[in-house]
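> Build me a model:
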Amino acid sequence: MTNRIFVNMPVKDPAKSEAFFSKLGYSFNAQFSSENAATMIIADNISVMFIKDSFFKELSQMEIPDLKKYCHAGVVLSAESREEVDKVVNLAVEAGGIARDDIQDQGFMYGHSFADLDGHLWEVSWMDPAAFQN
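Take a look at the predicted model:
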């Protein structure tokens, strides 16, 4: 059996999250989406489930932190190039997200981050494959 990763994130409105990330070029799996969730495909085995916060609280039986005050996690998405890093962050800002932090340029690694509509932190990062060869 192939392992799969589902990252679950509470959001105010799954449909708005779907619209936001669709503008960044991501697709969604209708089979795992409903009025309570939108499931974004990152890769064949990796998905992010944007779950309506009231339903998320019901499932987790825990409070959801105020993302304007607290960070609960950061998700790093890989990019094929430096240009793709800039493109994705710029698209996120155009779609209503907020650019975060400064661009990180270490030569072999380049990244920038944004907060989505609900305040979740996303970093987009490119790493030079030559730097990781043995």
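
> With just CA atoms, put the helix or strand encompassing residue 122 into PDB.
Under the criterion DSSP states H and E, the helix or strand holding residue 122 is strand 121-127. Provided in PDB are the C-alpha atoms of strand 121-127 (Å, rounded to 0.1, in the frame of the first residue of the first chain):
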ATOM      1  CA  LEU A 121       2.100  30.100   6.500                       C
ATOM      2  CA  TRP A 122       3.400  28.700   3.200                       C
ATOM      3  CA  GLU A 123       7.000  28.900   2.000                       C
ATOM      4  CA  VAL A 124       7.900  28.300  -1.600                       C
ATOM      5  CA  SER A 125      11.500  27.000  -1.900                       C
ATOM      6  CA  TRP A 126      13.900  26.100  -4.700                       C
ATOM      7  CA  MET A 127      17.000  24.100  -4.100                       C
END
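
> Roughly how far does the residue nearest to residue 41 when sequence neighbours are not counted sit from residue 72?
Excluding its sequence neighbours, the residue lying closest to residue 41 (Cβ to Cβ, 6 or more residues apart in numbering) is residue 27, at 5.2 Å. Using the backbone N, CA and C atoms, a C-beta is placed for each residue, glycine as well. Relative to residue 72, residue 27 is positioned 25 Å away (criterion: Cβ to Cβ, to the nearest Å).

> what angle sits between the helix ranked longest in the chain and strand 121-127?
Longest helix in the chain by number of residues (criterion: DSSP state H): helix 82-94. With axes from the mean of the first three to the mean of the last three Cα atoms, to 10 degrees as the basis, helix 82-94 and strand 121-127 are set at 160 degrees to each other.

> Let me see the mean pLDDT of helix 82-94.
The predicted model assigns helix 82-94 a mean pLDDT of 97.

> Tell me how far the next helix or strand after that helix lies from the chain's centre.
The element immediately downstream of helix 82-94 (helix or strand, assigned by DSSP H and E) is strand 98-105. Remark: strand 98-105 is offset 15 Å from the chain centroid, using Cα atoms, centre = their mean, to the nearest Å.
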